[in-house]
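Q: Turn this into a model:
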Amino acid sequence: MASAASAPPTPGNLKRIVAASLIGTTIEWYDFFLYGSAAALVFNKLFFPDSDPLVGTLLSFLTYAVGFAARPLGALVFGHYGDRLGRKKLLVLSLLLMGGATFAIGLLPTHASVGAAAPVLLTALRLVQGFALGGEWGGAVLLVSEHGDARRRGFWASWPQTGAPAGQLLATGVLSLLTAVLSDDAFGSWGWRIPFLLSGVLVVVGLWIRLSVDESPVFKEALARAEARKATQAEVAERLPLVSVLRHHWRDILVAMGARMAENISYYVITAFILVYATTSAGVSKQTALNAVLIASAVHFAVIPAWGALSDRVGRRPVYLLGAVGVGLWMFPFFSLIDTGGFGNLILAVTVGLVLHGAMYAPQAAFFSEMFATRMRYSGASMGAQFASVAAGAPAPLIATALLSDYGSSTPIALYVIAAAVLTVVAVLAAKETRLRDLADVSAEAGAEAVSAPAADARIA
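A: Numbers count the residues shown, from 1 in each chain. This next block holds a predicted model:
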């Protein structure tokens, strides 16, 4: 039977929780994506000026990938303390770390000023960004998932997911505006710093909102139960969420990692690598490519809640599978449309790609949250999501750029994304449907310690 903590919150309170999570994730993703866009557009010239242009882009994307390498560490640290201390405290810390690192990038000296120290400093700050983002995602989606009711969890939990396209929209919009009003020389010398420095203002706003919300009631109730049995062996296990989640949820972590492959790889090919491909292979201007991503990101933002709501009606797995299969099938038309060089075709290519991506990304928050017990949910969801990013999102622009350099064709890149889609389909088919699972079910906690897998499955309505 569901506990009182699982009762639906008041509409006003839930909307405040959703707004806090959405604004925080938007700022964090703005910071993260801003780096990716700058890596494609200017960092190769500012921090790796002695390299061939395409090699410089590869080196620039390498520093971009370093941020992904730090995300699993962030998932482990934030997940551990998030499962012990609560979601809210860790979300405030992640926002401060991300915003501070992004602001500092805006102040960095370039290679022309300090030589080799410039890319080293850039890489160090990128590591801080990745560490912070590794802890942000799990806490943000759990804060909403654990406040909402099971019937509409997919819809409400999808809103923090819109922080990704909202952040992409904001980052691309600011860059697009600056490239439109500034000359290439002005943007390359000082204009690129403005979007990074703006992060300082955004963080202040995000902190004000995030500090105003309450801790997850599901977590508070689980913590109270843990305090009541301090002297038991079960409590000793709960003190180590990482050990518990690896012991009892290792299959779920693998499923989550597999589910992320197509979602993560396709997203960075569609939004980051396109800035390289469209400008170098299709002869599209930098401004045109940015505008296409800008328009598509707005559509992406709008469709994510719709996909989330659909997953409440038909289940997480069917919607996720639709997105994975759709992205795989879309890759060849995607590059063919870009190759025409037409702005309308470019918008169509990116928009359809991101709409299909949204079918995976929208149910992901609820899907991953529903896989794990409360006192190890932050650790489990974060590990599944962020460990996959090292193999998926991190090398995606690098691999795509290297394939383009070696083969001079988009075909190997399309096959790369299709292979990821196949992997995701297999992982999701191996998962159990989690829709309507009660996150506050006391037996789910004990399930990590005493409930067998069949009993856990029985918790699904």
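
Q: Low-confidence stretches in the stretch 101-250 of the chain?
A: 148, 226, 228-241 (pLDDT under 70).

Q: That one: helices as residue ranges?
A: Applying DSSP state H, counting those that start in this stretch to the stretch 101-250 of the chain gives helices spanning 111-114, 117-145, 153-161, 163-181, 184-186, 193-210, 217-228, 233-238, 241-248, 250-268.

Q: Tell me which of the ones you listed is the most buried.
A: Of all those, helix 153-161 has the most neighbours on average by mean count of other Cβ atoms under 10 Å, namely a mean of 28. For every residue, glycine as well, the C-beta is placed using N, CA and C.

Q: which other helices and strands contact that helix?
A: On a contact count with 3 or more Cβ pairs under 8 Å, 6 or more residues apart in numbering; DSSP states H and E, helix 153-161 meets helix 11-41, helix 117-145, helix 286-314, helix 343-369.

Q: just the angle between that helix and helix 117-145, please?
A: 160 degrees (axes from the mean of the first three to the mean of the last three Cα atoms, to 10 degrees).

Q: the inter-axis angle of helix 153-161 versus helix 11-41?
A: Using the same axes, to 10 degrees: helix 153-161 against helix 11-41 is 40 degrees.

Q: Give me the distance between helix 153-161 and the centre of its chain.
A: In terms of Cα atoms, centre = their mean, to the nearest Å, the centre of helix 153-161 is found 13 Å from the chain centre.

Q: just stretch 38-49 next, same as before
A: 23 Å.

Q: So for that stretch, what gets flagged as buried?
A: 38-48 (16 or more other Cβ atoms under 10 Å).

Q: Closest to residue 248 out of those residues?
A: residue 39 (38.9 Å; Cβ to Cβ).

Q: And the pLDDT at the closest one?
A: Looking at residue 39, its pLDDT is 74.

Q: can you check residue 9 too?
A: The predicted local confidence for residue 9 is 58.

Q: Can you say which of the helices and strands packed on helix 153-161 is nearest to residue 334?
A: helix 343-369 (4.8 Å).

Q: any idea of the angle the closest one forms with helix 11-41?
A: 130 degrees.

Q: Helix 343-369: how far from the chain's middle?
A: Distance, centroid of helix 343-369 to centroid of chain: 13 Å (Cα atoms, centre = their mean).

Q: Tell me the buried residues in it?
A: 345-369.

Q: For stretch 247-261, C-alpha coordinates in PDB please.
A: Written as PDB, here are the backbone C-alpha positions of stretch 247-261 (Å, rounded to 0.1, in the frame of the first residue of the first chain):
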ATOM      1  CA  ARG A 247      24.500  -5.200  -5.200                       C
ATOM      2  CA  HIS A 248      20.700  -5.000  -5.700                       C
ATOM      3  CA  HIS A 249      20.200  -2.900  -8.900                       C
ATOM      4  CA  TRP A 250      23.200  -3.700 -11.100                       C
ATOM      5  CA  ARG A 251      20.800  -5.000 -13.900                       C
ATOM      6  CA  ASP A 252      18.900  -1.700 -13.700                       C
ATOM      7  CA  ILE A 253      22.100   0.300 -14.000                       C
ATOM      8  CA  LEU A 254      23.100  -1.700 -17.100                       C
ATOM      9  CA  VAL A 255      19.600  -1.200 -18.600                       C
ATOM     10  CA  ALA A 256      19.800   2.500 -18.000                       C
ATOM     11  CA  MET A 257      23.200   2.700 -19.600                       C
ATOM     12  CA  GLY A 258      22.100   0.900 -22.700                       C
ATOM     13  CA  ALA A 259      18.900   3.000 -22.900                       C
ATOM     14  CA  ARG A 260      21.000   6.100 -22.900                       C
ATOM     15  CA  MET A 261      23.300   5.100 -25.800                       C
END
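
Q: got the contact list for that stretch?
A: Stretch 247-261 has contacts (Cβ atoms under 8 Å, 6 or more residues apart in numbering) with 245-246, 320, 360, 364, 367-368, 371-373, 376, 380-381, 383-385, 387-389, 391-392, 420, 423-424, 426-428, 430-431, 447-449.

Q: quick check, nearest of the buried residues of stretch 38-49 to residue 124?
A: Distances from residue 124 to the buried residues of stretch 38-49, taken by Cβ to Cβ, are shortest for residue 47, at 12.5 Å.

Q: Leaving aside the residues adjacent along the chain, what's closest to that closest one?
A: residue 119 (4.6 Å; Cβ to Cβ, 6 or more residues apart in numbering).

Q: where does the one you found sit relative to residue 71, distance-wise?
A: For residue 119, the distance to residue 71 equals 20 Å [Cβ to Cβ, to the nearest Å].

Q: what sits against residue 73?
A: 131, 134.
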